[in-house]
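Pasting the sequence and the predicted coordinates here, then a few questions.
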Amino acid sequence: MASIWLILAVATVIYLFWLDRQAAESAREYANRHSEKLNVQFLSIACTKKRIGILKNGKPGLKSTFVWEFSSNGEDSYNGVVNLENDKVISVDVPPHKIN
């Protein structure tokens, strides 16, 4: 019985790791595309919040918040926020920034 719980725990950890990597790739891809759309330079992206919870569709999953840094003139930098549920973008917040 203990081996079944161990296998289940390992499988859960692997699944959560896979969801985390998938969310990080989706956030980076979305931030890159959004930077091109805004005609700004993409600088970096980092995960600031991650938790397991019930998603909008009623199923359990991973909720993540990523902050991406961008520059509009090469000197100043701004931080946008991307919220994801698993690998789906839920909301994006882009601060006011200078336009060249």
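Received, thanks. Residues are numbered from 1 along each chain as shown.

what about D76, distance to F70?
Counting by CB to CB, to the nearest Å, the gap from D76 to F70 is 10 Å. For every residue, glycine as well, the C-beta is placed using N, CA and C.

Mind telling me what element S26 is part of?
helix 2-38 (DSSP states H and E).

helices or strands next to that helix in the packing?
strand 41-54, strand 60-71, strand 78-85, strand 88-93 (3 or more CB pairs under 8 Å, 6 or more residues apart in numbering; DSSP states H and E).

what packs against the first one?
Read it as strand 41-54. Contacts defined by 3+ CB pairs under 8 Å, 6+ apart place strand 41-54 against helix 2-38, strand 60-71.

Turn these into CSV, including distance to G80.
Below are those laid out as CSV (distance: least, CB to CB, whole Å):
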stretch, distance to G80
helix 2-38, 7
strand 60-71, 5
